[in-house]
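**Q** Have a look at this prediction, sequence included:
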Amino acid sequence: MDLARKIDDLGKDANPNDTSLIIGDLVAGEAHMREPELALRLAKRAFEMQPQNGLAKQDLGWALFRNGYYEESLKY
């Protein structure tokens, strides 16, 4: 997913709302489009930028879950 890679390259300059939409596709989209490792990187970055943002928390929880970090995902 090219847009996700562009957001990953932008780092902290990425718009958290755009990042959240992309993470949703990477975590819960169609199976052939899922990239759980990239989703986790983006979700961690979004959460670091806005730890009080509910979407950032939710995205991080789902990304952790999809990467097999089940216990840690329950915190979010």
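**A** That came through fine.
**Q** what's the burial count for His32?
**A** Number of residues near His32 (other CB atoms under 10 Å) recorded here: 5. In this view, the C-beta of every residue, glycine as well, is placed from N, C-alpha and C.
**Q** Distance check, it against Pro51.
**A** 32 Å (CB to CB, to the nearest Å).
**Q** Over to Pro36?
**A** Distance of Pro36 to Pro51, given as CB to CB: 22 Å.
**Q** what about the two, which has more around it?
**A** Legend: neighbour count by other CB under 10 Å for Pro36 and Pro51, higher for Pro36 (17 against 10).
**Q** after the helix or strand of the chain with the lowest mean pLDDT, next one along is what?
**A** In the chain, the helix or strand scored least confidently by mean pLDDT, DSSP states H and E is helix 2-10, which has a mean of 64. Sequence-wise, the next helix or strand downstream of helix 2-10 (DSSP states H and E) is helix 16-28.
**Q** What's the mean pLDDT across that following helix?
**A** Across helix 16-28, the average pLDDT comes to 80.
**Q** Identify the residues contacting it?
**A** With CB atoms under 8 Å, 6 or more residues apart in numbering as the test, helix 16-28 has contacts from 1, 3-4, 7, 33-36, 38-39, 42-43, 45-46, 49-50, 53, 55-56, 59, 62-63, 66.
**Q** CA atoms of it as PDB?
**A** C-alpha atoms of helix 16-28 as PDB (Å, rounded to 0.1, in the frame of the first residue of the first chain):
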ATOM      1  CA  PRO A  16      -3.000  11.200  12.700                       C
ATOM      2  CA  ASN A  17      -6.500  11.000  11.100                       C
ATOM      3  CA  ASP A  18      -5.000   9.800   7.800                       C
ATOM      4  CA  THR A  19      -2.800   7.400   9.700                       C
ATOM      5  CA  SER A  20      -5.900   6.000  11.500                       C
ATOM      6  CA  LEU A  21      -7.700   5.200   8.300                       C
ATOM      7  CA  ILE A  22      -4.700   3.500   6.800                       C
ATOM      8  CA  ILE A  23      -4.100   1.500   9.900                       C
ATOM      9  CA  GLY A  24      -7.700   0.300   9.700                       C
ATOM     10  CA  ASP A  25      -7.100  -1.000   6.200                       C
ATOM     11  CA  LEU A  26      -3.800  -2.600   7.100                       C
ATOM     12  CA  VAL A  27      -5.200  -4.300  10.200                       C
ATOM     13  CA  ALA A  28      -8.800  -5.200   9.200                       C
END
